[in-house]
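Chemist: give the three-dimensional model of this entry:
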Amino acid sequence: MKKLLLLFCALTLTVTSAQTKNQKTKKVVLEGVFAEIYTNKGKITLQLEFQKTPITVANFITLAEGKNTFVTNDKKGKPFYNGLKFHRVIPNFMIQGGCPLGNGSGDPGYKFQDEFDTTLLHDKPGILSMANSGPATNGSQFFITHKDTPWLNNKHSVFGHVIEGQNVVDAIAKDDVIEKVIILRKGKLAKNFNAVKVFSDYMKIKPELDKKAAEEARVKAEAAAKIEAEKRQKEAEAKAIADAEIKAKLGPILTAKVAEFKTLKAKSTKTPSGLQYSILKKGSGVKPTEGKDIYVHYAGYLEDGTLFDSSYEAINKIYGKFDQNRANQNGYQPFPFKYGNKGGLIPGFLEGINNMNFNDKAIFFIPSNLGYGEKGAGNVIPPNSNIIFEVEILESLPSAPAPTAVKQ
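Modeler: This next block holds a predicted model:
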């Protein structure tokens with residue numbers, strides 16, 4: 001009896017072991033639509049999301065199988081991707097192919113819409129996605145990622161992913177060749193997916209879809225423009241209020257500055273060009289030599305005494321224009337300039353500097369034609385404005401904060 005029991009146990013273990021072995025060796029068969037891309041580096045197998053992005057997948061399949069009737073170049077009626085190159089490869093980003101011209105500018109002769117699904121993201125290596133030049137500009141070009149690229153979400157249509165051969169993706173280099181693309185259909189749903197019909201049906205209604213999209217874009221653009229206009233108006237109103245407050249606060253300073261300009265201009269020297277200048281404080285008496293590096297401190301004003309810019313921190317504080325970010329970047333410093341240089345500065349400023357010696361402090365009265373002329377300078381200097389500069393030229397950068405220029 002004991003021997004029979006042992007024999008039964010042995011048989012049971014043998015059968016169980018055989019069943020376990022069969023379970024381990026049984027291969028799981030995936031259902032779906034797959035693309036095998038054969039390259040000179042090996043094979044890449046991808047699963048295509050035909051249910052979530054049917055138009056994009058239909059486009060890819062019909063091109064790969066040479067059944068896309070909307071192709072307009074010599075690839076029509078032929079497997080489109082066979083023989084094309086991976087024309088763009090960026091390490092640690094992606095590989096891109098599918099351009100019939102091999103330079104990224106080619107397409108099959110048509111463009112189609114984007115398809116986005118919230119579950120299809122650029123969230124891992126091996127994502128298959130459409131290359132484009134903007135919304136609704138998909139054609140034949142695609143890319144496969146080396147890594148997650150979330151900034152591409154909702155900008156490029158994801159329509160598949162690598163299930164085998166990511167090592168081949170990582171090995172692909174620029175100008176490696178797509179030898180052929182084979183489409184496999186496994187399972188009832190996959191076999192019933194008629195790519196030719198799906199894409200043809202889409203192209204039939206594409207003109208109406210494009211018209212609708214254009215109208216939606218127009219409405220969206222108008223709404224955005226209205227919001228932007230309202231925003232600009234509010235900003236302008238706020239600025240006007242702030243400017244009025246500053247002007248009221250600066251009133252006495254501006255009045256004193258205008259009076260000072262009037263006095264100094266009456267005593268200034270006028271050159272044949274129309275520039276007027278006056279040396280307010282004499283320096284070393286040594287004139288910079290041609291080509292020598294000098295450092296220029298300045299404060300620029302409109303004729304009404306308004307300060308439009310200055311390299312002096314103290315003057316900016318007086319006029320309420322101090323910028324802490326500029327100060328943090330050590331931006332309140334004289335700017336370097338090569339003496340004798342004929343470009344880079346307005347003519348009146350260049351001429352004025354040429355009449356100065358090191359450590360001189362001067363004032364320039366620059367007529368519009370020697371300044372920014374009829375164009376002005378952005379929103380800072382109005383067109384046809386005469387401008388005034390207080391200037392100091394130094395041999396080196398000051399080691400301590402610069403003092404204010406002419407006292408207010």
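Chemist: quick one: buried residues of stretch 329-341?
Modeler: 332-334, 337, 339 (16 or more other CB atoms under 10 Å). Using the backbone N, CA and C atoms, a C-beta is placed for each residue, glycine as well.
Chemist: ok, now stretch 360-374?
Modeler: 360-368, 370-373.
Chemist: would you point out which residue is most central in the chain?
Modeler: W151 (11.8 Å; CA atoms, centre = their mean).
Chemist: quick check: pLDDT value at the residue lying closest to it once chain neighbours are set aside.
Modeler: Leaving aside its chain neighbours, W151 sits nearest to H122 (7.9 Å; criterion: CB to CB, 6 or more residues apart in numbering). With respect to pLDDT, H122 has a value of 98.
Chemist: what's H122 in contact with, if anything?
Modeler: The contact partners of H122, taken as CB atoms under 8 Å, 6 or more residues apart in numbering, are 129, 145, 148-153, 156, 158.
Chemist: how many neighbours does the closest residue to K52 other than its chain neighbours have?
Modeler: Of all residues not flanking K52 in the chain, D117 sits nearest, at 4.3 Å (CB to CB, 6+ apart). For D117, the count of nearby residues is 13 (other CB atoms under 10 Å).
Chemist: so D117 sits against V158, correct?
Modeler: Yes: between D117 and V158 there is a contact under CB atoms under 8 Å: 7.4 Å.
Chemist: common neighbours of these two, please.
Modeler: By the contact definition CB under 8 Å, 6+ apart, D117 and V158 are jointly contacted by 49, 53.
Chemist: buried stuff in stretch 136-146?
Modeler: Buried residues in stretch 136-146, counting neighbours by 16+ other CB under 10 Å, are found at 138-146.
Chemist: quick one: that stretch to chain centroid distance?
Modeler: 19 Å (CA atoms, centre = their mean, to the nearest Å).
Chemist: would you tell me which helix is longest in the chain?
Modeler: In the chain, taking DSSP state H as the definition, the longest helix is helix 195-266.
Chemist: how far away is E260 from A266?
Modeler: Separation of E260 from A266 (CB to CB, to the nearest Å): 11 Å.
Chemist: let me redo that: F364
Modeler: Going from F364 to A266 by CB to CB gives 15 Å.
Chemist: same check on I387?
Modeler: 18 Å.
Chemist: also E215?
Modeler: Counting by CB to CB - E215 and A266 are separated by 66 Å.
Chemist: also K111?
Modeler: For K111 relative to A266 (CB to CB), the value is 70 Å.
Chemist: who has more neighbours out of those two?
Modeler: Set K111 next to A266 and count neighbours by other CB under 10 Å: K111 wins out with 15 against 9.
Chemist: list the residues that contact that one.
Modeler: 136-139.
Chemist: let's go with 10 Å and repeat that
Modeler: Counting by CB atoms under 10 Å, 6 or more residues apart in numbering, K111 touches 132-134, 136-139, 206, 210.
Chemist: ok, those residues vs V198, which is closest?
Modeler: Using CB to CB, K206 is the member of the contacts of K111 that lies nearest V198, at 12.7 Å.
Chemist: ok, the closest one to N154 distance?
Modeler: 21 Å.
Chemist: ok, these two, which is more surrounded?
Modeler: Higher neighbour count among K206 and N154: K206, with 18 against 12, using other CB under 10 Å.
Chemist: identify the residues contacting the more buried one.
Modeler: Applying CB under 10 Å, 6+ apart, we find K206 in contact with 55, 70, 110-113, 136, 213.
Chemist: and it, what pLDDT?
Modeler: For K206, the predicted pLDDT is 94.
Chemist: can I assume I315 sits in a strand?
Modeler: No: residue state for I315 (DSSP: H, G, I helix; E, B strand; the rest coil) corresponds to helix; a strand is not indicated.
Chemist: does the residue nearest to it when sequence neighbours are not counted have beta-bridge partners, and which?
Modeler: In this structure, I315 finds its nearest non-sequential neighbour in A299, 5.0 Å apart by CB to CB, 6+ apart. Here A299 sits in beta bridges with S310, E390, as judged by DSSP bridges.
Chemist: quick one: residues contacting A299.
Modeler: Residues near A299 by CB under 10 Å, 6+ apart: 307-312, 314-316, 318-319, 363, 388-392, 404-406.
Chemist: distance-wise, check it relative to G376.
Modeler: 19 Å.
Chemist: and what of A256?
Modeler: According to CB to CB, A256 stands 26 Å off from G376.
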